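In: Sequence plus predicted model, see below.
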Amino acid sequence: MLFLGQGAIVLLALRMPGLDPSEIPAGAGPTTARVSVIFPARNEREDLSRCLDDLRAQDWAQRGGWMETLVLDGGSTDGTAEMARRHPLAPTVIEEPPLPEGWVGKSWACHQGSLRAKGDRLLFLDADVRLAPSAVRAAVVRQAETGADLLTFAARVVMEGFWEKVVLPLYVQFVLLFYLAPHVNRDDSSRAMANGQFMFFSRAGYERSGGHLAVRGVVLEDVRLAQEVKRRGGRLRVFWCPELLRTRMYTSRKEMGEGLLKNLHGTRFSFGRQLGLALVIFLLFLSPFLVLALALLGLLSWPWAVLALAIVALTVLKQVAFQRAVRAPRAYGLLYPVGCAYYLVLFARSLALGLRGGKVLWKGRTYDIDA
């Protein structure tokens with residue numbers, strides 16, 4: 001079982017469809033597509049400034065493609081809106097109306113942006129994403145080729161701090177395994193996921209899915225939107241695009257803990273699901289160490305110790321290779337037990353939070369468990 005679990009992660013990673021800028025011809029792209037880029041922004045002045053710079057450099061617009069940019073400011077106190085108004089790209093800056101009860105802040109901002117957008121393509125973009133000059137054109141081309149109602153690009157995760165390098169490569173593996181990621185591109189599969197940092201909708205597909213109005217109280221709105229697209233008969237496509245997109249998801253251990261807890265927990269708590277996922281992590285990654293300890297104590301025979309050592313050795317090789325694949329330092333793959341222990345602590349926090357009826361915290365706002 002352990003060999004199969006580790007092998008499944010490798011197989012899923014190898015089968016994940018990718019997209020390289022060289023695959024998009026220089027002159028490609030429907031000339032009639034009108035792209036509205038929508039930013040939900042809350043205290044993101046520096047990140048937003050850099051992403052607006054990247055948008056200004058997009059070859060889609062430079063070659064005559066129609067593109068507008070809307071910044072939805074959610075009550076920022078760091079000058080985000082003022083910076084956006086002064087930026088050379090000259091985006092339309094909209095001050096969000098007060099957040100209604102039952103809405104998550106990001107979905108409210110995206111919904112407001114969709115109501116004001118004039119394009120027939122809607123690109124919901126997070127401020128902490130860095131874009132290659134051909135990113136928007138690549139999305140237009142792939143959406144036209146595949147007929148996707150929702151096209152989403154998975155970004156290369158930039159990892160700078162110690163905990164980022166230890167923890168986030170495992171997060172990528174968990175996403176692959178939990179969602180069976182390559183299966184989301186199959187129209188006959190109910191599997192669905194999306195990367196909320198870069199979601200490219202056809203206007204018709206967005207409206208048919210119910211848009212952010214349909215997921216207004218959901219913290220993991222990207223995954224739920226992808227599920228709604230498929231549930232309502234739409235087409236979903238996900239591509240791994242390390243050359244087109246990159247992001248540093250978290251800039252501190254505190255922010256990473258808050259963000260990952262939000263992703264693991266969501267707003268609809270399930271004791272069985274959380275406990276089951278924690279057990280899967282323990283069994284796949286940490287149980288061989290328990291077997292080794294029991295063998296050293298004489299409670300298990302030596303063949304068990306040999307088997308456990310073999311599993312650990314293969315897991316180390318896989319982790320080092322995976323670190324390289326996601327552009328993280330390979331040596332940190334040796335520390336995968338530390339990363340797994342970190343996730344088990346997060347799941348313990350999630351269980352405690354759910355059992356006592358606490359709230360999910362994100363971007364300075366709190367949300368009820370059953371929002």
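Out: Alright, I've got the coordinates.
In: and stretch 101-116, which residues are buried?
Out: For stretch 101-116, the buried set under the neighbour-count rule, 16 or more other CB atoms under 10 Å, comprises 103-114. Glycine gets a C-beta too; all of them are placed from N, C-alpha and C.
In: Looking at those, which are in strands?
Out: Residues of the buried residues of stretch 101-116 located in strands (DSSP state E): none.
In: Put together a markdown table for those residues, with distance to residue 156 and pLDDT on each row.
Out: Rendered in a markdown table, the data for the buried residues of stretch 101-116 read as follows (distance: CB to CB, whole Å; pLDDT from 0 to 100):
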| residue | distance to residue 156 | pLDDT |
| --- | --- | --- |
| 103 | 31 | 92 |
| 104 | 26 | 89 |
| 105 | 26 | 90 |
| 106 | 22 | 93 |
| 107 | 26 | 95 |
| 108 | 29 | 96 |
| 109 | 25 | 96 |
| 110 | 23 | 97 |
| 111 | 29 | 97 |
| 112 | 30 | 97 |
| 113 | 26 | 97 |
| 114 | 28 | 97 |
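In: Now intersect those residues with the helices, please.
Out: 105-114 (DSSP state H).
In: Tell me the one of the residues you listed nearest residue 227?
Out: Proximity of those to residue 227 (CB to CB) peaks at residue 107, which lies at 14.3 Å.
In: And the residue located most distally from the centre of the chain, its phi and psi?
Out: Of all residues in the chain, residue 298 has its C-alpha farthest from the mean position, at 44.6 Å, by CA atoms, centre = their mean. Torsion angles at residue 298 (phi, psi; degrees, to the nearest 10) stand at phi 80, psi 10.
In: avg pLDDT for whatever helix or strand residue 310 lives in?
Out: Per DSSP states H and E, residue 310 falls inside helix 302-325. Mean per-residue pLDDT for helix 302-325: 90.
In: just checking, residue 125 touches residue 48?
Out: No. Contact criterion CB atoms under 8 Å: residue 125 and residue 48 do not qualify, at 9.9 Å.
In: any shared contact partners between these two?
Out: Overlap of the contact sets of residue 125 and residue 48 (by CB atoms under 8 Å, 6 or more residues apart in numbering) consists of residue 39.
In: ranges for the helices of this structure?
Out: Taking DSSP H as the test, the helices found in the chain are 2-15, 45-56, 59-62, 80-86, 105-116, 135-146, 162-179, 203-209, 221-231, 253-265, 271-281, 287-296, 302-325, 336-355.
In: Let me know which of the ones you listed is the nearest to residue 38.
Out: Among the helices of the chain, if distance is taken as CB to CB, the winner is helix 105-116, at 3.6 Å.
In: Could you tell me the angle between the closest one and helix 221-231?
Out: Between helix 105-116 and helix 221-231, the angle comes out at 60 degrees (axes from the mean of the first three to the mean of the last three CA atoms, to 10 degrees).
In: Can you list the neighbours in contact with helix 105-116?
Out: Residues from elsewhere that reach helix 105-116, judged by CB under 8 Å, 6+ apart: 36, 38-42, 70, 72, 74, 92, 94, 96-97, 99-100, 103, 122, 124, 196, 206, 211-213, 215-218, 221, 363, 365.
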